[in-house]
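> missing the sequence, but the structure's below:
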(Lines give C-alpha, C1' and ligand atoms only; values in the text may rest on other atoms or scores of the structure.)
Protein backbone atom coordinates (compact mmCIF):
# COMPACT_ATOMS: atom_id res chain seq x y z
CA UNK A 1 0.00 0.00 0.00
CA UNK A 2 1.80 3.05 -1.33
CA UNK A 3 0.26 5.47 1.19
CA UNK A 4 1.59 3.51 4.17
CA UNK A 5 5.02 2.89 2.60
CA UNK A 6 5.39 6.60 1.86
CA UNK A 7 4.36 7.47 5.41
CA UNK A 8 6.89 5.02 6.87
CA UNK A 9 9.63 6.52 4.68
CA UNK A 10 8.63 10.04 5.72
CA UNK A 11 7.95 9.60 9.44
CA UNK A 12 9.42 6.22 10.39
CA UNK A 13 12.83 5.92 12.05
CA UNK A 14 15.21 2.98 11.91
CA UNK A 15 16.97 2.22 15.20
CA UNK A 16 19.72 -0.25 16.05
CA UNK A 17 18.53 -3.78 16.81
CA UNK A 18 16.02 -3.99 13.93
CA UNK A 19 13.67 -1.49 15.55
CA UNK A 20 11.40 0.49 13.23
CA UNK A 21 9.76 3.34 15.09
CA UNK A 22 6.41 4.44 13.69
CA UNK A 23 5.13 5.92 16.92
CA UNK A 24 4.20 9.30 15.40
CA UNK A 25 1.36 7.84 13.31
CA UNK A 26 0.79 4.15 14.07
CA UNK A 27 1.29 2.94 17.63
CA UNK A 28 1.53 5.80 20.13
CA UNK A 29 0.19 8.83 18.29
CA UNK A 30 -2.33 7.51 15.76
CA UNK A 31 -3.37 8.99 12.40
CA UNK A 32 -7.02 8.00 12.12
CA UNK A 33 -7.37 9.04 8.45
CA UNK A 34 -4.49 6.68 7.63
CA UNK A 35 -6.19 3.89 9.64
CA UNK A 36 -9.34 4.44 7.57
CA UNK A 37 -7.41 4.02 4.33
CA UNK A 38 -5.80 0.86 5.73
CA UNK A 39 -9.25 -0.47 6.68
CA UNK A 40 -10.54 0.26 3.18
CA UNK A 41 -7.60 -1.62 1.67
CA UNK A 42 -8.11 -4.71 3.87
CA UNK A 43 -11.84 -4.66 3.01
CA UNK A 44 -10.85 -4.69 -0.68
CA UNK A 45 -8.29 -7.47 -0.21
CA UNK A 46 -10.63 -9.66 1.87
CA UNK A 47 -13.79 -8.88 -0.13
CA UNK A 48 -14.08 -12.59 -1.10
CA UNK A 49 -14.05 -13.74 2.53
CA UNK A 50 -16.98 -13.79 4.92
CA UNK A 51 -15.81 -12.03 8.09
CA UNK A 52 -18.01 -12.02 11.22
CA UNK A 53 -15.55 -10.60 13.74
CA UNK A 54 -12.17 -8.89 13.98
CA UNK A 55 -9.70 -10.05 16.63
CA UNK A 56 -6.70 -8.04 17.78
CA UNK A 57 -4.49 -7.81 20.86
CA UNK A 58 -3.94 -4.89 23.19
CA UNK A 59 -2.67 -2.28 23.01
CA UNK A 60 -1.47 -0.98 19.66
CA UNK A 61 -3.67 -3.24 17.52
CA UNK A 62 -6.91 -1.88 18.99
CA UNK A 63 -7.10 1.51 17.27
CA UNK A 64 -6.28 0.10 13.85
CA UNK A 65 -8.75 -2.78 14.26
CA UNK A 66 -11.60 -0.53 15.45
CA UNK A 67 -11.25 1.99 12.62
CA UNK A 68 -10.81 -0.82 10.06
CA UNK A 69 -13.89 -2.64 11.40
CA UNK A 70 -16.09 0.14 10.00
CA UNK A 71 -15.31 -1.20 6.53
CA UNK A 72 -16.38 -4.73 7.55
CA UNK A 73 -19.41 -3.83 9.72
CA UNK A 74 -18.44 -6.35 12.40
CA UNK A 75 -17.53 -6.08 16.10
CA UNK A 76 -13.93 -6.11 17.33
CA UNK A 77 -12.64 -8.27 20.18
CA UNK A 78 -9.28 -7.54 21.71
CA UNK A 79 -7.23 -10.16 23.51
CA UNK A 80 -6.18 -8.93 26.95
CA UNK A 81 -2.72 -9.23 28.43
CA UNK A 82 -2.85 -10.84 31.89
CA UNK A 83 -5.97 -11.87 33.77
CA UNK A 84 -8.34 -9.08 34.71
CA UNK A 85 -10.58 -9.49 37.73
CA UNK A 86 -13.37 -8.10 35.52
CA UNK A 87 -13.21 -11.00 33.06
CA UNK A 88 -16.04 -13.39 33.78
CA UNK A 89 -15.78 -17.12 34.09
CA UNK A 90 -14.06 -19.02 31.39
CA UNK A 91 -11.55 -17.63 28.93
CA UNK A 92 -9.42 -18.94 26.08
CA UNK A 93 -5.80 -18.26 26.94
CA UNK A 94 -2.40 -18.50 25.34
CA UNK A 95 1.11 -17.21 25.92
CA UNK A 96 2.71 -14.52 23.74
CA UNK A 97 6.36 -13.52 23.86
CA UNK A 98 6.82 -9.82 23.21
CA UNK A 99 9.81 -8.83 21.09
CA UNK A 100 9.34 -5.20 22.17
CA UNK A 101 9.01 -5.76 25.89
CA UNK A 102 11.22 -8.84 26.15
CA UNK A 103 8.75 -10.76 28.28
CA UNK A 104 6.02 -13.40 28.06
CA UNK A 105 2.38 -12.40 28.48
CA UNK A 106 -0.66 -14.48 29.25
CA UNK A 107 -3.26 -13.38 26.74
CA UNK A 108 -6.96 -14.11 27.19
CA UNK A 109 -10.27 -13.79 25.36
CA UNK A 110 -13.61 -14.45 27.04
CA UNK A 111 -15.30 -17.56 25.65
CA UNK A 112 -18.48 -15.47 25.31
CA UNK A 113 -17.03 -13.60 22.34
CA UNK A 114 -15.58 -16.33 20.10
CA UNK A 115 -17.80 -19.10 18.73
CA UNK A 116 -17.32 -22.05 16.32
CA UNK A 117 -19.47 -20.24 13.72
CA UNK A 118 -17.22 -17.14 13.74
CA UNK A 119 -15.09 -16.24 10.72
CA UNK A 120 -12.22 -14.22 12.11
CA UNK A 121 -10.02 -11.57 10.57
CA UNK A 122 -7.01 -10.95 12.80
CA UNK A 123 -5.58 -7.42 12.66
CA UNK A 124 -2.36 -6.17 14.24
CA UNK A 125 0.12 -3.34 13.77
CA UNK A 126 3.34 -5.38 13.40
CA UNK A 127 4.40 -8.82 12.23
CA UNK A 128 8.02 -9.70 13.07
CA UNK A 129 8.74 -13.13 14.54
CA UNK A 130 5.04 -14.00 14.54
CA UNK A 131 4.64 -14.79 18.24
CA UNK A 132 1.65 -12.50 18.82
CA UNK A 133 -0.04 -13.80 15.69
CA UNK A 134 0.56 -17.45 16.61
CA UNK A 135 -1.03 -16.74 19.98
CA UNK A 136 -4.11 -15.15 18.42
CA UNK A 137 -4.46 -18.03 15.92
CA UNK A 138 -4.17 -20.48 18.82
CA UNK A 139 -7.05 -18.70 20.59
CA UNK A 140 -9.24 -18.78 17.45
CA UNK A 141 -8.46 -22.50 17.04
CA UNK A 142 -9.34 -23.19 20.68
CA UNK A 143 -12.72 -21.53 20.07
CA UNK A 144 -13.28 -23.74 17.01
CA UNK A 145 -13.71 -20.62 14.86
CA UNK A 146 -12.02 -20.13 11.47
CA UNK A 147 -9.21 -17.73 10.67
CA UNK A 148 -10.22 -16.15 7.35
CA UNK A 149 -7.08 -14.09 7.18
CA UNK A 150 -4.66 -11.73 8.84
CA UNK A 151 -4.30 -8.00 8.18
CA UNK A 152 -0.97 -6.51 9.25
CA UNK A 153 0.09 -2.88 8.93
CA UNK A 154 3.88 -3.36 8.88
CA UNK A 155 5.60 -6.72 8.30
CA UNK A 156 9.31 -7.07 8.86
CA UNK A 157 9.96 -9.29 5.85
CA UNK A 158 13.48 -10.13 7.02
CA UNK A 159 12.14 -11.85 10.17
CA UNK A 160 10.55 -15.28 10.13
CA UNK A 161 6.94 -14.48 11.18
CA UNK A 162 5.42 -13.90 7.75
CA UNK A 163 6.82 -17.12 6.24
CA UNK A 164 5.88 -19.09 9.35
CA UNK A 165 2.21 -18.03 9.30
CA UNK A 166 1.82 -18.28 5.50
CA UNK A 167 3.32 -21.80 5.60
CA UNK A 168 0.29 -22.83 7.70
CA UNK A 169 -1.94 -21.89 4.73
CA UNK A 170 -3.15 -18.69 6.38
CA UNK A 171 -3.62 -15.67 4.15
CA UNK A 172 -1.60 -12.71 5.46
CA UNK A 173 -2.12 -9.28 3.88
CA UNK A 174 0.57 -6.91 5.10
CA UNK A 175 0.11 -3.35 3.84
CA UNK A 176 3.86 -2.65 3.96
CA UNK A 177 6.57 -5.32 3.98
CA UNK A 178 10.00 -4.06 4.97
CA UNK A 179 12.58 -6.10 3.05
CA UNK A 180 15.57 -4.45 4.69
CA UNK A 181 16.43 -1.40 6.74
CA UNK A 182 19.64 0.28 7.81
CA UNK A 183 19.95 2.19 11.06
CA UNK A 184 23.19 3.85 9.85
CA UNK A 185 21.68 5.45 6.73
CA UNK A 186 18.00 5.31 7.74
CA UNK A 187 17.25 3.62 4.42
CA UNK A 188 14.15 1.39 4.24
CA UNK A 189 13.49 -0.98 1.31
CA UNK A 190 10.00 -2.41 0.80
CA UNK A 191 9.13 -5.71 -0.88
CA UNK A 192 7.46 -4.90 -4.18
CA UNK B 1 -27.18 9.56 25.97
CA UNK B 2 -30.25 7.36 25.69
CA UNK B 3 -28.65 4.90 23.23
CA UNK B 4 -25.81 4.06 25.64
CA UNK B 5 -28.09 3.89 28.72
CA UNK B 6 -30.42 1.50 26.91
CA UNK B 7 -27.50 -0.65 25.83
CA UNK B 8 -26.13 -0.80 29.39
CA UNK B 9 -29.57 -1.82 30.68
CA UNK B 10 -29.87 -4.47 27.96
CA UNK B 11 -26.35 -5.94 27.90
CA UNK B 12 -24.64 -4.69 31.06
CA UNK B 13 -24.38 -6.87 34.17
CA UNK B 14 -24.08 -5.73 37.77
CA UNK B 15 -21.69 -7.78 39.88
CA UNK B 16 -20.88 -7.69 43.58
CA UNK B 17 -18.30 -5.08 44.61
CA UNK B 18 -19.69 -2.25 42.45
CA UNK B 19 -18.57 -3.92 39.23
CA UNK B 20 -20.54 -3.05 36.09
CA UNK B 21 -19.64 -5.42 33.28
CA UNK B 22 -20.07 -3.97 29.80
CA UNK B 23 -17.57 -6.26 28.13
CA UNK B 24 -19.93 -7.44 25.39
CA UNK B 25 -20.02 -4.02 23.68
CA UNK B 26 -17.59 -1.57 25.33
CA UNK B 27 -14.31 -2.89 26.65
CA UNK B 28 -13.56 -6.42 25.46
CA UNK B 29 -15.90 -6.98 22.53
CA UNK B 30 -16.51 -3.56 20.99
CA UNK B 31 -19.56 -2.29 19.07
CA UNK B 32 -18.06 0.14 16.58
CA UNK B 33 -21.42 1.58 15.46
CA UNK B 34 -22.12 2.49 19.08
CA UNK B 35 -18.63 4.08 19.37
CA UNK B 36 -19.47 6.20 16.31
CA UNK B 37 -22.67 7.46 17.91
CA UNK B 38 -20.72 8.24 21.10
CA UNK B 39 -18.12 10.16 19.06
CA UNK B 40 -20.88 12.13 17.33
CA UNK B 41 -22.38 13.04 20.70
CA UNK B 42 -19.05 14.24 22.15
CA UNK B 43 -18.46 16.29 18.97
CA UNK B 44 -21.85 17.94 19.54
CA UNK B 45 -21.18 18.55 23.24
CA UNK B 46 -17.68 19.96 22.67
CA UNK B 47 -18.53 21.87 19.46
CA UNK B 48 -17.65 25.17 21.21
CA UNK B 49 -14.15 23.96 22.13
CA UNK B 50 -11.10 23.94 19.90
CA UNK B 51 -9.65 20.41 20.11
CA UNK B 52 -6.26 19.61 18.52
CA UNK B 53 -5.67 16.15 19.94
CA UNK B 54 -7.42 13.35 21.82
CA UNK B 55 -5.62 11.65 24.69
CA UNK B 56 -6.60 8.28 26.16
CA UNK B 57 -4.94 5.46 28.08
CA UNK B 58 -4.45 1.84 27.09
CA UNK B 59 -6.16 -0.46 26.67
CA UNK B 60 -9.94 -0.04 26.69
CA UNK B 61 -9.95 3.70 25.97
CA UNK B 62 -8.16 3.31 22.64
CA UNK B 63 -10.96 1.94 20.47
CA UNK B 64 -13.51 4.48 21.70
CA UNK B 65 -11.03 7.37 21.28
CA UNK B 66 -9.99 6.33 17.74
CA UNK B 67 -13.54 5.97 16.44
CA UNK B 68 -14.63 9.20 18.19
CA UNK B 69 -11.62 11.07 16.73
CA UNK B 70 -13.18 10.80 13.28
CA UNK B 71 -15.76 13.35 14.42
CA UNK B 72 -13.02 15.77 15.56
CA UNK B 73 -10.52 15.22 12.70
CA UNK B 74 -7.56 15.10 15.09
CA UNK B 75 -4.94 12.47 15.97
CA UNK B 76 -5.20 10.26 19.06
CA UNK B 77 -2.37 9.67 21.53
CA UNK B 78 -2.62 6.84 24.02
CA UNK B 79 -0.74 6.83 27.30
CA UNK B 80 1.20 3.60 27.72
CA UNK B 81 1.31 1.49 30.86
CA UNK B 82 4.91 0.74 31.90
CA UNK B 83 8.04 1.77 30.06
CA UNK B 84 8.52 0.29 26.61
CA UNK B 85 12.01 -0.09 25.18
CA UNK B 86 10.55 1.33 21.95
CA UNK B 87 9.72 4.69 23.53
CA UNK B 88 12.35 7.24 22.53
CA UNK B 89 14.11 9.62 24.85
CA UNK B 90 12.06 11.70 27.14
CA UNK B 91 8.53 11.00 28.27
CA UNK B 92 5.94 12.59 30.54
CA UNK B 93 5.07 10.08 33.21
CA UNK B 94 2.63 9.68 36.06
CA UNK B 95 1.28 6.93 38.30
CA UNK B 96 -2.24 5.55 37.98
CA UNK B 97 -3.89 3.20 40.45
CA UNK B 98 -6.17 0.72 38.72
CA UNK B 99 -9.43 -0.10 40.51
CA UNK B 100 -9.94 -3.08 38.18
CA UNK B 101 -6.49 -4.61 38.46
CA UNK B 102 -5.74 -3.51 42.05
CA UNK B 103 -2.25 -2.26 41.20
CA UNK B 104 -0.32 0.92 40.40
CA UNK B 105 0.90 1.54 36.84
CA UNK B 106 3.52 3.90 35.54
CA UNK B 107 1.90 5.62 32.60
CA UNK B 108 3.91 7.49 29.97
CA UNK B 109 3.45 9.71 26.93
CA UNK B 110 6.31 10.67 24.65
CA UNK B 111 7.12 14.40 24.87
CA UNK B 112 7.07 14.44 21.05
CA UNK B 113 3.29 14.14 21.00
CA UNK B 114 2.09 16.71 23.55
CA UNK B 115 2.92 20.39 23.15
CA UNK B 116 2.02 23.61 25.00
CA UNK B 117 -0.13 24.72 22.05
CA UNK B 118 -2.26 21.53 22.19
CA UNK B 119 -5.92 21.64 23.23
CA UNK B 120 -6.66 18.20 24.59
CA UNK B 121 -9.87 16.22 24.84
CA UNK B 122 -9.36 13.25 27.15
CA UNK B 123 -11.52 10.20 26.37
CA UNK B 124 -11.90 7.05 28.46
CA UNK B 125 -14.38 4.23 28.90
CA UNK B 126 -14.98 4.51 32.66
CA UNK B 127 -14.84 7.14 35.39
CA UNK B 128 -15.07 5.74 38.92
CA UNK B 129 -12.63 7.06 41.53
CA UNK B 130 -10.95 9.29 38.96
CA UNK B 131 -7.38 7.95 39.33
CA UNK B 132 -6.81 7.29 35.61
CA UNK B 133 -8.25 10.68 34.72
CA UNK B 134 -6.15 12.51 37.31
CA UNK B 135 -3.07 10.81 35.83
CA UNK B 136 -3.95 11.89 32.29
CA UNK B 137 -4.66 15.47 33.42
CA UNK B 138 -1.30 15.47 35.23
CA UNK B 139 0.43 14.46 31.98
CA UNK B 140 -1.35 17.21 29.98
CA UNK B 141 -0.37 19.75 32.66
CA UNK B 142 3.25 18.60 32.58
CA UNK B 143 3.24 19.20 28.81
CA UNK B 144 1.87 22.71 29.36
CA UNK B 145 -1.09 21.87 27.12
CA UNK B 146 -4.73 22.68 28.00
CA UNK B 147 -7.44 20.21 28.94
CA UNK B 148 -10.49 21.34 26.99
CA UNK B 149 -12.64 18.64 28.43
CA UNK B 150 -13.16 14.99 29.26
CA UNK B 151 -15.43 12.55 27.43
CA UNK B 152 -16.39 9.46 29.43
CA UNK B 153 -18.58 6.59 28.28
CA UNK B 154 -19.78 5.34 31.69
CA UNK B 155 -19.43 7.31 34.92
CA UNK B 156 -20.14 5.65 38.25
CA UNK B 157 -21.92 8.63 39.79
CA UNK B 158 -21.84 7.07 43.25
CA UNK B 159 -18.02 7.12 43.33
CA UNK B 160 -16.02 10.27 43.92
CA UNK B 161 -14.20 10.68 40.56
CA UNK B 162 -16.75 12.82 38.72
CA UNK B 163 -17.11 15.36 41.56
CA UNK B 164 -13.35 15.43 42.10
CA UNK B 165 -12.54 16.27 38.47
CA UNK B 166 -15.44 18.73 38.01
CA UNK B 167 -14.39 20.55 41.21
CA UNK B 168 -11.12 21.42 39.42
CA UNK B 169 -13.20 23.35 36.86
CA UNK B 170 -12.75 20.68 34.18
CA UNK B 171 -15.73 19.95 31.96
CA UNK B 172 -16.64 16.25 32.09
CA UNK B 173 -19.23 14.91 29.65
CA UNK B 174 -20.22 11.39 30.65
CA UNK B 175 -22.61 9.75 28.21
CA UNK B 176 -24.16 7.58 30.92
CA UNK B 177 -23.96 8.30 34.65
CA UNK B 178 -24.92 5.37 36.86
CA UNK B 179 -26.56 6.78 39.99
CA UNK B 180 -27.00 3.42 41.67
CA UNK B 181 -26.92 -0.25 40.85
CA UNK B 182 -27.90 -3.41 42.65
CA UNK B 183 -26.15 -6.72 42.08
CA UNK B 184 -29.02 -8.61 43.76
CA UNK B 185 -31.76 -7.37 41.40
CA UNK B 186 -29.53 -6.27 38.50
CA UNK B 187 -31.28 -2.88 38.57
CA UNK B 188 -29.36 0.13 37.22
CA UNK B 189 -30.53 3.72 37.79
CA UNK B 190 -29.08 6.51 35.66
CA UNK B 191 -28.73 10.17 36.63
CA UNK B 192 -31.23 12.16 34.57
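On my side now, so go ahead. Just so we're clear, the structure is a prediction, and the values are computed from it rather than from any experiment. Numbers count the residues shown, from 1 in each chain, chains lettered A, B, ... in the order given.
> Could you find the closest non-adjacent residue to residue A:158?
Spatially, and ignoring its direct neighbours in sequence, residue A:158 is nearest to residue A:180 (5.9 Å; CB to CB, 6 or more residues apart in numbering or on different chains). Heads up, the C-betas are built off the backbone N, CA and C, glycines and all.
> Go ahead and confirm the one you found touches residue A:159.
No - using CB atoms under 8 Å, residue A:180 is not in contact with residue A:159; the gap is 11.2 Å.
> Tell me which of the two has more neighbours.
With neighbours defined as other CB atoms under 10 Å in any protein chain shown, residue A:180 and residue A:159 compare such that residue A:159 has more, 17 against 13.
> So the more buried one: helix, strand or coil?
coil (DSSP: H, G, I helix; E, B strand; the rest coil).
> and the most centrally placed residue in chain A, bridged to which residues?
Residue closest to the mean C-alpha point of chain A, counted by CA atoms, centre = their mean, is residue A:124 at 1.3 Å. Residue A:124 has these beta-bridge partners by DSSP bridges: residue A:152.
> which residues does it contact?
Residues in contact with residue A:124, defined by CB atoms under 8 Å, 6 or more residues apart in numbering or on different chains, are A:56-57, A:60-61, A:64-65, A:132-133, A:136, A:150-153.
> and of those, the nearest to residue A:97?
Checking the contacts of residue A:124 against residue A:97 with CB to CB, the nearest one is residue A:132 at 8.5 Å.
> That closest one: neighbour count?
For residue A:132, using other CB under 10 Å, the count is 27.
> if we can go back for a sec, looking at the contacts of residue A:124, which are in helices?
Secondary structure assignment by DSSP state H places A:60, A:61, A:64, A:65, A:132, A:133, A:136 of these in helices.
> Against residue A:123, how distant is the third one?
Relative to residue A:123, residue A:64 is positioned 6 Å away (criterion: CB to CB, to the nearest Å).
> joint contacts of the two?
residue A:56.
> what's next to the strand or helix carrying residue A:96, contact-wise?
Assigned by DSSP states H and E, residue A:96 belongs to strand A:91-98. For strand A:91-98, the external contacting residues (CB under 8 Å, 6+ apart) are A:57, A:81, A:83, A:103-111, A:114, A:131-132, A:134-136, A:138-139, A:142-143.
> If we check chain B, which of the residues you listed are in contact?
A:81, A:109, A:110 (CB under 8 Å from any CB of the partner chain).
> Excluding residues flanking it in the chain, which one is nearest the first one?
Same thing as residue A:81. In this structure, residue A:81 finds its nearest non-sequential neighbour in residue A:105, 4.4 Å apart by CB to CB, 6+ apart.
> for that neighbour, which residues make a bridge with it?
Taking DSSP bridges as the rule, residue A:105 bridges to residue A:96.
> so it makes contact with residue A:80?
No - applying CB under 8 Å as the test, residue A:105 and residue A:80 come out as separate, 9.4 Å apart.
> what does chain A have sitting close to chain B?
A:19, A:21, A:23-25, A:28-32, A:35-36, A:58-59, A:62-63, A:65-67, A:69-70, A:75-78, A:80-82, A:84-88, A:100-102, A:109-110, A:112-113.
> From the residues you listed, which land in strands?
Judged by DSSP state E, strands contain the following of these: A:19, A:21, A:29, A:30, A:76, A:77, A:78, A:80, A:81, A:109, A:110.
> Surely the second one touches residue A:28?
Think residue A:21. No - counting by CB under 8 Å, residue A:21 does not reach residue A:28; the two are 9.0 Å apart.
> List the residues that contact residue A:30.
Counted by CB under 8 Å, 6+ apart, residue A:30 has contacts A:63, A:64, B:66, B:69, B:75, B:76, B:77, B:78.
> how about a cut-off of 7 Å?
A:63, B:66, B:75, B:76 (CB atoms under 7 Å, 6 or more residues apart in numbering or on different chains).
> what's the answer for residue A:173, then?
Residues near residue A:173 by CB under 7 Å, 6+ apart: A:42, A:45, A:149, A:151.
> Now with 10 Å, please.
By CB atoms under 10 Å, 6 or more residues apart in numbering or on different chains, the contact list for residue A:173 reads A:1, A:41-42, A:44-46, A:121, A:123, A:149-152, A:155.
> pLDDT score for it?
Residue A:173 is assigned 98 on the pLDDT scale.
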